[in-house]
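Trainee: Predicted structure and sequence below. I'll ask about it afterward.
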Amino acid sequence: MPTASSCDHSPAPLQVGPGTRSIVLFGPPNAGKTSLYNQLTGSRFKTVNYPGATVDYAVGRLKGRADVVVLDTPGIVSVVARTADERVAVSTLVGVSKLVPGTSEVPEVVLTTVDATQPTRHLVLVQQLLRAGIQPVVALTMNDLARAKGRALDPDLLSAGLGLPVVSVDGRTGAGLPALLSVLDERLVGESPLPHLPEGVTEEELRADFRTAEALVESSLILGQKTSERSVSDRIDRAALHPFFGLVFFATAMSLLFWCVFAAAVPFQDAIDWAVTGTGAFLSTHMPDAWYSHLLVDGVVAGVGAVLVFVPQIAILFLLIGLMEDSGYLARGAVLVDRPLSAIGLNGRSFVPLLSGFACAIPAAMAARTIPGRKERMLTLLVIPLTSCSARLPVWGLLLAFLVPPGHAWAGGLALTAIYLASLVMVSVAAFAGGKILGLDPSPTGFQIELPAWRTPILRNAVVSAADRTVSYLRRAGGTILAISILFWALMNLPSREASIAWTAGHWLTPLLRPMGLDWRVGISLLAAFAAREVFVSALAVVFSVGGAKDATQGLVHAMRDAVLPGGAHIFTFATCAGLVVFFLIALQCLSTVAVVRRESGSTKFALGQMASFILVAWVLAVAVVQGLRLVGIS
């Protein structure tokens with residue numbers, strides 16, 4: 001399923017009646033399947049233009065047809081599956097009824113996408129489907145980009161050459177969709193025979209398929225096109241993929257992105273801050289001085305509001321990354337980082353899961369299925385929790401208030417960039433060390449990727465996608481944040497504030513927290529963060545009694561600035577906050593991530609060992625940072 005912020009990537013159950021007909025979207029990676037799926041079903045799954053975005057199947061109803069379902073499948077280059085995601089795709093050709101009960105065993109229509117900018121390789125897959133006894137409908141995508149290169153294809157000529165229906169469509173705008181729907185209606189009437197999927201493809205068959213595909217392309221070209229010697233996309237790639245300047249540009253682009261996350265979010269954060277503060281003040285004024293009033297104001301409003309104020313930063317991050325994805329730039333990122341990743345035992349295929357990890361570690365772990373080599377896949381699973389996911393962004397926003405001078409958005413942007421770069425350093429070190437310790441030194445498997453042409457992003461699509469991902473984040477995290485806020489209020493106030501359950505339990509952590517310059521209140525907030533990383537912020541708001549009547553964000557920051565240890569020393573200083581950043585970079589993987597890593601790796605020992613070792617390393621490094629800074633006079 002496409003990359004998104006939600007951590008639940010299992011297809012939602014779809015209730016269908018007997019006799020429901022099915023369409024399977026089948027095709028190579030990066031050929032526009034998911035965009036077309038969105039147009040056919042009205043769904044709004046995130047579309048990214050680099051291979052490996054879809055690692056599971058998605059299912060929805062065809063627009064206007066309650067009796068027809070559409071399945072989107074992972075990208076595949078051959079009907080002979082090599083990886084877990086490819087097996088998901090192939091299984092839909094012979095077992096749709098197992099995925100969507102009520103449908104027939106074989107889909108009535110296989111809809112195959114062919115990218116017109118790289119048609120030869122994609123038509124090879126069509127040849128394999130034909131040889132397996134499948135008569136697909138061909139959706140010709142990216143023909144507008146092929147036209148810019150002087151290599152547009154005539155769908156009628158291609159249809160005549162293949163003996164199959166071919167319709168030119170644009171999944172981003174919906175152009176050509178009515179014609180495609182008309183063809184699908186005609187094909188949905190008949191029954192499909194059981195295909196004969198091969199166990200392998202011989203070299204001779206592959207050569208023959210390529211020769212046939214090349215001939216089809218040449219015979220289907222629109223005559224009289226002007227072909228430029230070097231397209232605009234090629235000229236841009238000369239700079240974007242330069243081994244030195246390409247990396248410099250990539251680092252600059254990411255720095256600007258994080259600066260925008262800080263600067264552009266300020267007015268939206270202020271508005272949320274005002275709303276939370278006003279809500280708390282209203283409730284405090286109009287409710288009686290009772291325990292349930294304190295629970296609502298100091299627990300629910302303060303805890304949830306402390307996290308909500310950082311949602312604009314998360315939304316802006318999703319929007320900007322979405323624009324970079326839609327332009328085709330992040331596919332170039334996979335090429336740029338292939339060589340550095342190969343030096344630590346990974347390759348460019350690991351870029352997709354690692355990039356997904358900056359949204360959420362759970363879909364990132366699932367995306368590791370696209371890596372064919374088990375050793376590389378296990379190494380990728382090992383380091384994914386070290387990527388700085390969106391759930392950590394509220395934590396960074398809070399801690400940077402103690403590390404960055406107030407009112408300097410540029411400094412905040414640079415600091416946030418440094419945190420994300422530090423997470424990449426942690427990934428590199430862990431991959432190298434993990435490969436040695438666990439004996440996972442990989443043998444080179446090679447990395448190949450077909451780069452999409454550069455495209456101007458459609459702002460509306462990016463905004464809608466960012467909104468969907470932000471809402472998904474709120475749905476996933478909102479319930480946990482609310483529950484933890486209420487639980488923490490109870491733990492902090494029962495049986496009394498002076499002798500609460502949290503106070504008793506928290507003091508057991510004191511020996512471990514003292515070297516980090518922290519106390520039991522921060523310790524139990526760290527424990528809460530294992531449920532969800534962003535809960536750390538709401539837990540602090542409850543622990544330090546930041547009532548809703550105060551300014552939601554600054555109230556928490558002020559309470560933290562005033563918090564002291566029994567000896568009178570301040571808890572939250574530059575040194576201790578730097579140590580917390582290090583600890584969060586390494587240790588705080590949520591328990592849901594542990595469960596998914598266990599499932600994807602097939603090893604409980606691996607998942608639990610990963611969590612325990614990261615906690616230990618994080619504590620050692622955090623203590624070293626705090627004590628080291630104090631040693632040089634930075635408290």
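Mentor: Good, I have the coordinates. For clarity, every value in this text was computed on a predicted model and none was experimentally measured.
Trainee: switch to C-alpha atoms for all contacts and neighbour counts from now on
Mentor: OK.
Trainee: Tell me, how many residues neighbour residue 199?
Mentor: 8 (other Cα atoms under 10 Å).
Trainee: can you pull the buried residues of the longest helix belonging to the chain?
Mentor: With secondary structure taken from DSSP state H, the chain has its longest helix at helix 459-493. Within helix 459-493, the residues scored as buried using 16 or more other Cα atoms under 10 Å are 461-463, 465-474, 476-478, 480-482, 484-493.
Trainee: Can you name every helix or strand that that helix contacts?
Mentor: Under the contact criterion of 3 or more Cα pairs under 8 Å, 6 or more residues apart in numbering; DSSP states H and E, helix 459-493 touches helix 302-308, helix 311-327, helix 501-506, helix 535-543.
Trainee: helices or strands next to the longest one in the packing?
Mentor: Put plainly, it is helix 311-327. Against helix 311-327 (3+ Cα pairs under 8 Å, 6+ apart) you get helix 245-263, helix 266-286, helix 393-403, helix 459-493.
Trainee: Mind checking these for the one nearest to residue 499?
Mentor: Of all those, helix 459-493 sits nearest to residue 499, with 8.1 Å by Cα to Cα.
Trainee: quick revisit: next, format the helices and strands packed on helix 311-327 as a markdown table and append mean pLDDT and distance to residue 634.
Mentor: Formatted as a markdown table, these follow (pLDDT from 0 to 100; distance: least, Cα to Cα, whole Å):
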| stretch | mean pLDDT | distance to residue 634 |
| --- | --- | --- |
| helix 245-263 | 82 | 26 |
| helix 266-286 | 87 | 29 |
| helix 393-403 | 90 | 12 |
| helix 459-493 | 81 | 32 |
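Trainee: Let me have those in a markdown table, adding distance to residue 195 as columns.
Mentor: Output for the helices and strands packed on helix 311-327, formatted as a markdown table (distance: least, Cα to Cα, whole Å):
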| stretch | distance to residue 195 |
| --- | --- |
| helix 245-263 | 46 |
| helix 266-286 | 55 |
| helix 393-403 | 49 |
| helix 459-493 | 36 |
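Trainee: Out of those helices, which is closest to residue 63?
Mentor: Nearest of the helices and strands packed on helix 311-327 (Cα to Cα): helix 459-493, 18.9 Å.
Trainee: Run the chain-centre distance for that closest one.
Mentor: Offset of helix 459-493 from its chain centre (Cα atoms, centre = their mean, to the nearest Å): 16 Å.
Trainee: The helices and strands packed on helix 459-493 into JSON lines, with extra columns for mean neighbour count?
Mentor: Shown next, in JSON lines, are those (neighbours: other Cα atoms under 10 Å):
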{"stretch": "helix 302-308", "mean neighbour count": "29"}
{"stretch": "helix 311-327", "mean neighbour count": "22"}
{"stretch": "helix 501-506", "mean neighbour count": "17"}
{"stretch": "helix 535-543", "mean neighbour count": "30"}
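Trainee: Rebuild those helices as a markdown table, extending it with mean pLDDT.
Mentor: Output for the helices and strands packed on helix 459-493, formatted as a markdown table (pLDDT from 0 to 100):
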| stretch | mean pLDDT |
| --- | --- |
| helix 302-308 | 81 |
| helix 311-327 | 84 |
| helix 501-506 | 78 |
| helix 535-543 | 86 |
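Trainee: nearest to residue 31, of these?
Mentor: Nearest to residue 31, of all those, is helix 311-327, at 13.0 Å by Cα to Cα.
Trainee: quick one, strands of the stretch 101-250 of the chain?
Mentor: Assigned by DSSP state E, counting those that start in this stretch, the stretch 101-250 of the chain shows strands spanning 109-115, 137-141, 166-168.
Trainee: Name the nearest residue to residue 594, ignoring sequence neighbours.
Mentor: Nearest residue to residue 594, sequence neighbours excluded (Cα to Cα, 6 or more residues apart in numbering): residue 607, at 5.8 Å.
Trainee: Would you agree the one you found is in contact with residue 598?
Mentor: Yes - at 5.0 Å, residue 607 and residue 598 qualify as touching, with contact defined as Cα atoms under 8 Å.
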